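**Student:** sharing a sequence plus its predicted fold:
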Amino acid sequence: MAELKEFKLPDVGEGLTEADILRWDVQVGDVVTVNQVLVEVETAKAAVELPSPYAGTIHAIHVAEGVTVPVGQPIVTLKVGDGELADVPRVAGGAGEDLVPAPEMPATEAAQEAATAERQAVLVGYGVAGERARRRKRLQPSLEQPAPSANPAFEVTPGAGAATPQVERVLAKPPVRKLAKTLGVDLSSIVATGPNGSISRDDVQQAAARTELATPAAAAPVTGGETRIPIKGVRKHTAAAMVSSAFTAPHVTEFVTVDVTEMMELRTRVAARPEFRGLKVSPLLFVARAVLWAMKRTPILNSTWDPSDGDSGSIVVKHYVNLGIAAATDRGLIVPNIKGAQDKSLAELAGALVELTETARSGKTPPADMSGGTFTITNIGVFGIDTGTPILNPGEAGILAFGAIRRQPWVVGTGADERIEPRWVTQLGLSFDHRSVDGQQGSEFLADVAAVLRDPGLALL
């Protein structure tokens, strides 16, 4: 006898209470296997894919794309097992509609075999590599007229000129969908030029320019002379974390201006070495290395304040460095971290930075990569900014702002040899938690970072 199994939105890590439905990879009537990706959701920290804990047929989808769902709410129901259903009750759906049973569809032999296996959801890590390789391909736009969906909420309106409605699945990465939503661009109306027929950021921006849509359509309605933007997902989490940090940890910020000409020259030589072929050798790489070197001399910067330990709390100094790199994405600011950065060679650190930033920009950073950070670098120089006063990532004792590197006149030499030369110059800003880091320790740490950038040979000591 077949039975209906509800799949509820799980807590995908770190006690998160809600998530936004980004994209459904299945439709009512689809046959799925265990660990096949059903849906992509965006939590307060990242976009993650949720696999199916059962093998069977998609019986009903309760929540439309773009809807925020609390943890524990059913989002999809699957028909599991062989045979007919007895009385199929109508169940209230997550989007406020009744659950709509799927048309009867015989399960494939593979699905029948999988249904007898142990059914277990993979909720942390999100799927097995082998299963993900066999995930259902997303449907390309087709000229054929498919059967109407059992749930009208999931019909996709075709572009202009179509005679009848069609169900079309548009290929676009989550950040591209986010951009389209922000600019009020209908993805189904865009001619895709990206890889494998996907829609790229350029496609969306060009469509927005052509239609002169400069403000959001649904996400940020315009009334009078104002635009209202709902605070959701990553931005909501970031706002709450920054307020908590600013009013919990007493911040102190110090600045230093550094001649990094020798570092820039070393960067050119390092980039030419065979072990760095194919890797991006950026100035941020050397700042990260300088931070790791300075942290050995002043380890208190790699600590956290624990107010729950005893009457007056305690300072917990970490003997590992999970180096956070602040990354600006279409969803907002996120801070993934490089685990065990203190043990990595310069080439390994370069590879980790490339992987971290590419994953963040694609919106695929898993929650595990954004937890457990011990120190953060924010590279504001990429925006042409000289320096700033960064707010601590909650739970960390320090954050370093790395400003733009510019050619500037600089006094070099001493005495009779003193002269002005054009040099590469940058500014660093260090914020630290004054509960655990005193002024001398913060100053020594910042001075050490500057010294290594000024004279990279010091890192050999």
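**Tutor:** Nice, thanks for sending it over. Numbers count the residues shown, from 1 in each chain.

**Student:** got the domain ranges for this protein?
**Tutor:** For the chain, the domain assignment from automatic domain parsing gives the residue ranges 3-138, 235-460.

**Student:** ok, Glu275 touching Ala350?
**Tutor:** No - in this structure, Glu275 is not within contact of Ala350 by C-beta atoms under 8 Å, at 9.3 Å. (Each C-beta comes from the backbone N, C-alpha and C, glycine too.)

**Student:** quick one: which of the two has more around it?
**Tutor:** Set side by side, Glu275 and Ala350 give different neighbour counts by other C-beta atoms under 10 Å, the larger being at Ala350 (25 against 12).

**Student:** all helices of the protein, in order?
**Tutor:** Per DSSP state H, the chain carries helices over the ranges 109-115, 129-133, 174-183, 201-211, 233-246, 261-271, 283-297, 346-361, 439-454.

**Student:** which residue comes closest to Ile231 once chain neighbours are left out?
**Tutor:** The spatially closest residue to Ile231, leaving aside those adjacent along the chain, is Ala239, at 6.4 Å (C-beta to C-beta, 6 or more residues apart in numbering).

**Student:** quick check: Leu446 touching Val256?
**Tutor:** Yes - in terms of C-beta under 8 Å, Leu446 counts as a neighbour of Val256; the distance is 5.6 Å.

**Student:** shared neighbours, these two?
**Tutor:** Shared contacts of Leu446 and Val256, defined by C-beta atoms under 8 Å, 6 or more residues apart in numbering, are found at Leu428.

**Student:** who's more crowded, those two?
**Tutor:** Under the criterion of other C-beta under 10 Å, the comparison of Leu446 against Val256 puts Leu446 first, with 24 against 18.

**Student:** for this protein, what are the low-confidence residue spans?
**Tutor:** Filtered on pLDDT under 70, the chain yields the residue ranges 12-16, 44-45, 83-169, 174-175, 178, 182-183, 208-224, 233-234.

**Student:** name the residues of the biggest strand by length in the chain that are buried.
**Tutor:** Of all the elements of type strand in the chain, the one with the most residues (DSSP state E) is strand 419-433. By neighbour count, with 16 or more other C-beta atoms under 10 Å as the criterion, the buried positions of strand 419-433 are Arg423, Trp424, Val425, Thr426, Gln427, Leu428, Gly429, Leu430, Ser431, Phe432, Asp433.

**Student:** got a list of what the fourth one touches?
**Tutor:** If I follow you right, that is Thr426. Contacts for Thr426 (C-beta under 8 Å, 6+ apart) come out as Thr257, Val258, Val260, Pro283, Gly381, Phe402, Gly403, Ala404, Ile405, Arg406, Leu453.

**Student:** contacting residues for the first one?
**Tutor:** It stands for Thr257. When contacts are counted by C-beta under 8 Å, 6+ apart, Thr257 touches Val425, Thr426, Gln427.

**Student:** and for Ala207?
**Tutor:** Contact analysis of Ala207 by C-beta under 8 Å, 6+ apart lists Val185, Ser189, Ile190.

**Student:** switch these over to a markdown table; also include neighbour count and distance to Ile377.
**Tutor:** Rendered in a markdown table, the data for the contacts of Ala207 read as follows (neighbours: other C-beta atoms under 10 Å; distance: C-beta to C-beta, whole Å):
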| residue | neighbour count | distance to Ile377 |
| --- | --- | --- |
| Val185 | 26 | 34 |
| Ser189 | 15 | 41 |
| Ile190 | 21 | 36 |
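
**Student:** so which of the residues you listed is the closest to Glu226?
**Tutor:** Closest approach between the contacts of Ala207 and Glu226, by C-beta to C-beta: Val185, at 21.3 Å.

**Student:** that closest one contacts Gln206, doesn't it?
**Tutor:** No - with contact defined as C-beta under 8 Å, Val185 and Gln206 do not form a contacting pair (9.5 Å).

**Student:** next one: Arg419 from Gln408, what distance?
**Tutor:** Look at Arg419 and Gln408: by C-beta to C-beta, to the nearest Å, they are 14 Å apart.

**Student:** one more: Ile420?
**Tutor:** As defined by C-beta to C-beta, Ile420 lies at a distance of 10 Å from Gln408.

**Student:** ditto for Ala416
**Tutor:** From Ala416 over to Gln408 (counting by C-beta to C-beta), the distance is 23 Å.

**Student:** okay, these two: which has more neighbours?
**Tutor:** Under the criterion of other C-beta under 10 Å, the comparison of Ala416 against Gln408 puts Gln408 first, with 13 against 6.

**Student:** what sits against the nearest residue to the more buried one once chain neighbours are set aside?
**Tutor:** With sequence-adjacent residues excluded and distances taken as C-beta to C-beta, 6+ apart, Gln408 is closest to Val425, at 4.4 Å. Each residue near Val425 by C-beta under 8 Å, 6+ apart is listed here: Thr257, Val258, Asp259, Val260, Ile405, Arg406, Arg407, Gln408, Trp410.

**Student:** what do you get if the cut-off is 6 Å, keeping everything else the same?
**Tutor:** Asp259, Arg406, Gln408 (C-beta atoms under 6 Å, 6 or more residues apart in numbering).

**Student:** again with Lys79
**Tutor:** Lys79 touches Ala2, Gly56, Thr57, His59, counting by C-beta under 6 Å, 6+ apart.

**Student:** and with 8 Å instead?
**Tutor:** The neighbours of Lys79, taking C-beta under 8 Å, 6+ apart as the test, are Ala2, Glu3, Leu4, Lys5, Gly56, Thr57, Ile58, His59, Leu85, Ala102.

**Student:** rewinding a little: put together TSV for the contacts of Val425, with distance to Lys232 on each row.
**Tutor:** Compiled in TSV, the contacts of Val425 are given as follows (distance: C-beta to C-beta, whole Å):
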residue	distance to Lys232
Asp259	44
Arg406	37
Gln408	42
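
**Student:** among those, which are located in strands?
**Tutor:** Secondary-structure check on the contacts of Val425 using DSSP E: residues within strands are Asp259, Arg406, Gln408.

**Student:** so what's Val71 closest to, chain neighbours aside?
**Tutor:** With C-beta to C-beta, 6+ apart as the criterion, Val71 has its nearest non-adjacent residue at 5.0 Å, and that residue is Asp11.

**Student:** go ahead and confirm the one you found touches Leu50.
**Tutor:** No - with contacts counted by C-beta under 8 Å, Asp11 stays clear of Leu50, the gap being 11.5 Å.

**Student:** and the gap between Gly429 and Gly442?
**Tutor:** Here the distance between Gly429 and Gly442 works out to 11 Å (C-beta to C-beta).
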